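Undergrad: need a structure here:
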Amino acid sequence: MTQLVAGVDSSTQSCKVTIRDAATGAVVREGRAAHPDGTSVDPRRWWDALGTAVADAGGLTDVGAVAIAGQQHGMVALDADGHVVRDALLWNDVRSADAAAQMVEEIGREAWVARTGLVPVASFTGTKLRWLRDAEPDNAGRVAAVALPHDWLSWRLRGYGPADESPLGPDLDALATDASDASGTAYWDPVRREYDPELFELALGRPMRVAGGVDSPARNQVPDTEPRDSAVLRPEPGSADTSAVVVPRVVAHDEAMGTLDVDVALPNGAVAPSGLVVAAGLGDNAGAALGLGLAPGDIAVSLGTSGTVFGVTATEVLDPSGTVAGFADGTGSRLPIVTTLNAARVLEVIGGLLGVDHDALGELALQAPAGADGLVLVPYFVGERTPNRPDATASLLGMTPGTTDRPHLARAAVEGMLCALADGLAAVEGTGVTVSRLLLIGGAARNEAVRTVAAQVFGRDVLIPEPGEYVASGAARQAAWALTGALPSWDIATTTVPADPHPEVLEQYRAAAR
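TA: Residues are numbered from 1 along each chain as shown. Below is the predicted model:
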């Protein structure tokens, strides 16, 4: 009998649900719903979108297991009654840039890398907690728990939440997460695989404790033994410091958060049925890595609104510069990653200026030569995370009568987007990670010009996997793991764009971006 699993990608822009055959990975049906724009969002809008997307995908009544992959780093602060304290600050909200700089100054870059695998920038959850402490002390005082987007959605899906909105009520000790998402907080150590309570208190100014440390209402998702990835920071039952802020317990990548004992009503008429297994879930980039089946030596470049360069390695990743973050992946290995704030948005901005869509922009770009005759776009339209320039703006250099036309500007946009990520790839290689295969994914990767220019800028063969929602696919693959006890192997077809090195393109970009 066919077993079905569901994977959810709750991203910055939308919620996507894919329902697949657990054995083969074949897509059975899909659904989606939009998220609101902005860098500060009420998490209840994500919950509404999840319900809409599940309904659009035909529901979960015949599904055996589900996993949620979510945008990383977003700060979801809850009060003691399970209500959201304030709108969640998303990964691309840079208001905590000063807080990040303060935190780096306080203990030093080397200490941060040694303890968390990263150097704080405005994206990470810990810096947002410091901002909350300093900018909104009343709200900071109300915080009883801190979760990430996928943690909070999984908690709600399992029946928890404010008493008037959920069957199981505001049990904060039911909060759970996975290693990949915990590793993006800046207060979790991916080497020891445990929280760093001193760094949490450095951020929010209050102590923390790991969920599940005290007696609370019966929870079907709490195992009899310690989860393998969980921090051992639990007080004796009944002795917890009520002033401590709860952080989610960390569930192992191949374990489930639990199995539903009750039907859970989702917004817009959808239902999570009793008996549904809820897997650990994971951060979006770890989800994409799992969906692609990345192995050591594989590097993916993802071109969404933001851009990422990430791979899988069994070795520890340490980069004191902070360019490469050493996250955990969804299999027990490491996920070195570089993230830029500006990727497909570059094509949207320049396409809007020229009055064309992505396809037409690509056609224009291919009318200009490699290097755009010296026209360079440094695409920091919303500041930048890598390099860490939160207050930067975009620049266009090399304008002459011969380069100030539509094809040259289109070409400069595509090259600027890809050159920023080529620098990210070089940084990943600089940590000792070997690159054997380079895969290009994301919406912008479907553009012929982007593929052509990528082979020129990266100077190597570029593999294009068949179009798909790889974050949601990775979540579905994890759900199958939790349901069956084995990680399935799902085939992915790829095409290859042969290497066509044009090193001068990256050289002139680097000179302009200094």
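
Undergrad: and the biggest helix by length in the chain, what does it pack onto?
TA: Determined from DSSP state H, the single longest helix within the chain is helix 406-430. Counting by 3 or more CB pairs under 8 Å, 6 or more residues apart in numbering; DSSP states H and E, the packing neighbours recorded for helix 406-430 are strand 298-303, strand 307-311, strand 334-340, helix 344-354, helix 358-365, strand 376-378, helix 448-457, helix 503-512. C-beta coordinates here come from the backbone N, C-alpha and C atoms, glycine included.

Undergrad: and residue 159, backbone torsions?
TA: With angles defined as degrees, to the nearest 10, residue 159 sits at phi 100, psi 10.

Undergrad: for it, give its distance to residue 72.
TA: Between residue 159 and residue 72 the distance is 24 Å, computed by CB to CB, to the nearest Å.

Undergrad: mind checking which of those two has more residues around it?
TA: residue 72 (29 against 25; other CB atoms under 10 Å).

Undergrad: wait, the more buried one sits on residue 118?
TA: No: using CB atoms under 8 Å, residue 72 is not in contact with residue 118; the gap is 11.5 Å.

Undergrad: shared neighbours of these two, anything?
TA: Common neighbours of residue 72 and residue 118, using CB atoms under 8 Å, 6 or more residues apart in numbering, are residue 184.

Undergrad: circling back to that earlier point, any buried residues in the longest helix of the chain, and which?
TA: Neighbour-count burial for helix 406-430 flags 406-429 (criterion: 16 or more other CB atoms under 10 Å).

Undergrad: what do you get for stretch 174-194?
TA: For stretch 174-194, burial by neighbour count (16+ other CB under 10 Å) applies to 174-191, 193-194.

Undergrad: try stretch 60-78
TA: For stretch 60-78, by 16+ other CB under 10 Å, it's 60, 63-78.

Undergrad: now it, how far from the chain's geometric center?
TA: How far stretch 60-78 lies from its chain's middle: 12 Å, per CA atoms, centre = their mean, to the nearest Å.

Undergrad: mean confidence (pLDDT) on it, please.
TA: Summarised as a single mean, pLDDT over stretch 60-78 is 97.

Undergrad: same deal with stretch 166-174?
TA: 97.

Undergrad: any buried residues in it, and which?
TA: Within stretch 166-174, the residues that count as buried by 16+ other CB under 10 Å are 166, 168, 169, 170, 171, 172, 173, 174.

Undergrad: who's in contact with residue 71?
TA: Contact analysis of residue 71 by CB under 8 Å, 6+ apart lists 10, 11, 12, 90, 91, 149, 283, 284.

Undergrad: residue ranges with poor pLDDT in the stretch 251-400 of the chain?
TA: Judged against pLDDT under 70, the stretch 251-400 of the chain has no low-scoring part.

Undergrad: residue 271 contacts residue 63, doesn't it?
TA: No: if you go by CB under 8 Å, residue 271 and residue 63 don't touch, sitting 10.9 Å apart.

Undergrad: as a quick check, tell me the outermost residue of this protein.
TA: Distance to the chain centre peaks in the chain at residue 401, reaching 41.9 Å (criterion: CA atoms, centre = their mean).

Undergrad: pLDDT score assigned to it?
TA: Looking at residue 401, the pLDDT reads 97.

Undergrad: give me the phi and psi for it.
TA: Backbone phi and psi, for residue 401 under degrees, to the nearest 10, turn out to be phi -60, psi -30.

Undergrad: equivalent analysis for residue 271, please.
TA: With angles defined as degrees, to the nearest 10, residue 271 sits at phi -140, psi 140.
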